[in-house]
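1. Just need the structure, nothing else, for what follows:
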Amino acid sequence: MIVHSFPPLIDEASRVLVLGSMPGVASLNAHEYYGNPRNYLWRILYALYGAGRGVDDVYEDRLRFALDNGVALWDVIATCDRPGSLDSDIKEVVPNDVPGLLSEYPGIRAIVCNGTKSHAELMKHFGSDPSIASRRVVRMPSTSPIPTKDFRNLEDRLHAWRAILEL
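-> Presented below is the predicted three-dimensional model:
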């Protein structure tokens, strides 16, 4: 099944670009970045930047919160063939124009790859591009709720994601 990512969420004040691989089925169906309520991304961003504030219920308020804190969102992959939501099932990748976005928004100083697949695809398609090489690129554990050997839950991931506060 061919799936398509969303347009970037970014503005002139954005300093950190969080790149996913491709939205999962729940996000695609909701037409929302990280629209699966089990995904940890929004809880992580609010824990890092929200000073104890809970995650906004309204999607547009979550988008505004990200932008107000200098965080942009996009995906490395524009389209791919993927049945379901697993990154391991992704085939026939067509990348988004990440270098083009970075030239349009030169204030982005760091790229945070949300998971291994995002990082691998970014490096495969654009690793030698000067717009990528001139910025700090950090691979964070995926915010997917699927436990891994090193990251079992929200707290494990939040601990690792605290590093983006230094970017």
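2. And what about Ile111, helix, strand or coil?
-> For Ile111, the assignment made with DSSP: H, G, I helix; E, B strand; the rest coil gives strand.
3. Give me the neighbour count for it.
-> Neighbouring residues of Ile111 were enumerated by other CB atoms under 10 Å; the total is 26. From N, CA and C alone the C-beta is placed, and that goes for glycine too.
4. partners of it in the sheet?
-> Beta bridges link Ile111 to Leu17, Val137, judged by DSSP bridges.
5. Wait, it touches Gly20, no?
-> No. With contact defined as CB atoms under 8 Å, Ile111 does not count as touching Gly20 (11.7 Å).
6. Could I get the pLDDT score of Asn29?
-> pLDDT recorded at Asn29 is 96.
7. Now Asn153: closest residue in space, sequence neighbours ignored.
-> Pro147 (7.1 Å; CB to CB, 6 or more residues apart in numbering).
8. Double-check that the one you found belongs to a helix.
-> No. In this structure, Pro147 is coil, not part of a helix, as judged by three-state DSSP.
9. Pro141 versus that one, what's the distance?
-> Distance of Pro147 to Pro141, given as CB to CB, to the nearest Å: 11 Å.
10. just Asp11 next, same as before
-> Counting by CB to CB, the gap from Asp11 to Pro141 is 27 Å.
11. For the two, indicate the residue with more neighbours.
-> Comparing Asp11 with Pro141 by other CB under 10 Å, the one with more neighbours is Pro141, at 18 against 13.
12. Need the phi and psi values for the more buried one.
-> The phi/psi pair for Pro141 (degrees, to the nearest 10) reads phi -60, psi 150.
13. List the contacts of it.
-> The contact partners of Pro141, by CB atoms under 8 Å, 6 or more residues apart in numbering, come to Gly115, Thr148, Asp150, Phe151, Asp156, Arg157, Ala160, Trp161.
14. Now the buried members of those.
-> With burial judged by 16 or more other CB atoms under 10 Å, the buried subset of the contacts of Pro141 is Gly115, Phe151, Arg157, Trp161.
15. quick one: contacts for the last one?
-> Going by CB under 8 Å, 6+ apart, Trp161 touches Ile44, Leu48, Met140, Pro141, Thr143.
16. Same list, those residues, but as a markdown table with distance to Asp89, secondary structure and pLDDT please.
-> Formatted as a markdown table, the contacts of Trp161 follow (distance: CB to CB, whole Å; DSSP: H, G, I helix; E, B strand; the rest coil; pLDDT from 0 to 100):
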| residue | distance to Asp89 | secondary structure | pLDDT |
| --- | --- | --- | --- |
| Ile44 | 24 | helix | 97 |
| Leu48 | 30 | helix | 97 |
| Met140 | 21 | strand | 97 |
| Pro141 | 19 | coil | 96 |
| Thr143 | 18 | coil | 96 |
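17. Brilliant, that's me finished.
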